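Q: Would you be able to build a 3D model of this:
(chains A and B)
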Amino acid sequence: MSSDRRYPETVSGPFEKPPVRFADREERDIEIRPYDGSDAEYEALAEMYVEFDPSDRAQGIPPGRESRVRTWLDGILAEDCYNLIAWDGDTAAGHSTLVPDGDDDYELAIFVLQDYQEAGIGTHLIESLLGYGYSEGINCVWLTVERWNHAAVSLYEKVGFETTGAESFELEMAIRISEDE
Amino acid sequence: MNVLVGVGSPNDSPAAIEQTIQRAAMVADELTVAILSPESADGESLDATVATTLDEQDLTASVRHIEGEPGSGLVDLAEAEAVDEIVLAGGQTSPMGKIRIDNTVEFVLLNAHTTVTLVR
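A: Numbering: from 1, shown residues only, chains lettered A, B, ... in the order given. Presented below is the predicted three-dimensional model:
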C-alpha cells in the first residue's frame, strides 16, 4: 500500500522460534506452534473468534459474525501468510499472523482471547512470530494500532517496534528483523 | 438534498467508487461527483470509472475535479455550493483486513460542516 514506509535501521532480535512452551501467569501450560493447515485447527480458531469480546475488536477485526470471521480467516490463513496459534490443550487461546503487503514486507496482528489476556501469552506470540518470520526470510514487519491502546503500543515497543507514522487515525509502527539483502 | 461524493482516495477501488456513488444517489436530489486524483492507485482513469458508473446506473451528476489537497478541496467545494452531505468510500482495508481511515477522509470528517457518510 505505501511502499515509502520507513523502517528502523537497527535490526531487532534475535527472537525465540516456535514451537514455544511455557506456563503462563495463571499456571496454564501453553504451547505456541505454526498453524498446520488442518480443519481441526481452523475450527478451533474460528471458535476463538466467534467468542471474541466485541470490545476487544480493533479497526474492524475480528469481524462480528461467524460467516465474516470465516471469510476473514480464509484470507489470513492462506499459504503465503505465517500464522501461530497459542494452545491451552485443544483450546485456541491466541493467534498471531503475518500477511504479505505486496511490497515484500508483512503486516502483523495479534489476538488473545479475553480469559487469557495479561498472562504473558501476547509477548510470546509476537516474539515467536518475529522469530518465525526471520527464519522464513522476512526483513521488515509493520502494524497499525489505535493510538489510545497504550497496552498494545507498550507491548510492541518492548519487542522493538518504533512508531513510523503518527499523522493518521491509527499509529503505524514498524520493526526490522533482518538486513535488506 | 444536495450531495457531494468524493472519489479517488489512494485506496479507492473501482468497486468502492461504484458502491459509493450508488449509495449517494439514493439520497441525492442533486448529485455532484468530485474526482480527487486523475488516476487510481493501479493507474486506471477515474474519469472513465465514474462515467461508466453514472452511465450504468442511469444517474445524472455533475462531475468536478479537485486540484491540490483533496480533503480541503472537498470541504471548500461543499461550502461554496451549499452541499448538505459529503459521501466518501470508508471501507478501505489493510492487507490484514483492518479498516483504514486515510488522510482525506480524516480531514473531511474533522473539518466539514455537513454530515459526512462513509460507505461500507
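
Q: Chain A against chain B: which residues are in contact?
A: Neighbours of chain B within chain A, by C-beta under 8 Å from any C-beta of the partner chain: A:1, A:58-61, A:63, A:72, A:75-76, A:97, A:99-102, A:107-109, A:144, A:167-170. Where you see a C-beta, it was placed from the backbone N, CA and C, and this is true even at glycine.

Q: can you tell me which of these are in strands?
A: Among these, the ones falling in strands (DSSP state E) are A:97, A:99, A:100, A:107, A:108, A:109, A:144, A:170.

Q: Contacts only, for the second one.
A: The neighbours of residue A:99, taking C-beta atoms under 8 Å, 6 or more residues apart in numbering or on different chains as the test, are A:75, A:76, A:81, A:106, A:107, A:109, B:95, B:96.

Q: The third one against residue A:100, yeah?
A: Yep, that's residue A:81 we're talking about. Yes - here residue A:81 lies in contact with residue A:100, judged by C-beta atoms under 8 Å, at a distance of 6.9 Å.

Q: what two of the ones in strands among the residues of chain A next to chain B are the furthest from one another?
A: Greatest spatial distance among those (C-beta to C-beta): A:100 and A:170, at 19.7 Å.

Q: Neighbour count: these two, which is higher?
A: Neighbour totals were compared for residue A:100 and residue A:170, and residue A:170 leads with 20 against 15 (other C-beta atoms under 10 Å in any protein chain shown).

Q: Spell out which residues sit in contact with that one, please.
A: Neighbour list for residue A:170: A:59, A:144, A:145, A:146, A:147, B:98, B:100, B:101 [criterion: C-beta under 8 Å, 6+ apart].

Q: Distance-wise, check the closest residue to residue B:29 other than its chain neighbours relative to residue A:104.
A: Take residue B:29 and drop its neighbours on the chain: the residue closest to it by C-beta to C-beta, 6 or more residues apart in numbering or on different chains is residue B:1, 5.5 Å away. According to C-beta to C-beta, to the nearest Å, residue B:1 and residue A:104 sit 46 Å apart.

Q: Next: residue A:26.
A: 39 Å.

Q: same question, residue B:48
A: With C-beta to C-beta as the criterion, residue B:48 and residue A:104 are 31 Å apart.

Q: swap in residue A:5?
A: As defined by C-beta to C-beta, residue A:5 lies at a distance of 11 Å from residue A:104.

Q: Of those two, give the one with the bigger neighbour count.
A: Legend: neighbour count by other C-beta under 10 Å for residue A:5 and residue A:104, higher for residue A:5 (15 against 12).

Q: so what's the more buried one up against?
A: A:103, A:105, A:142, A:164, A:165, A:172, A:174.

Q: which bits of chain B sit near chain A?
A: Residues of chain B lying near chain A by C-beta under 8 Å from any C-beta: B:10-11, B:93-103, B:106.

Q: and if we set it to 6 Å?
A: Applying C-beta under 6 Å from any C-beta of the partner chain, we find that chain B lies next to chain A at B:94, B:95, B:96, B:97, B:98, B:99, B:101, B:103, B:106.
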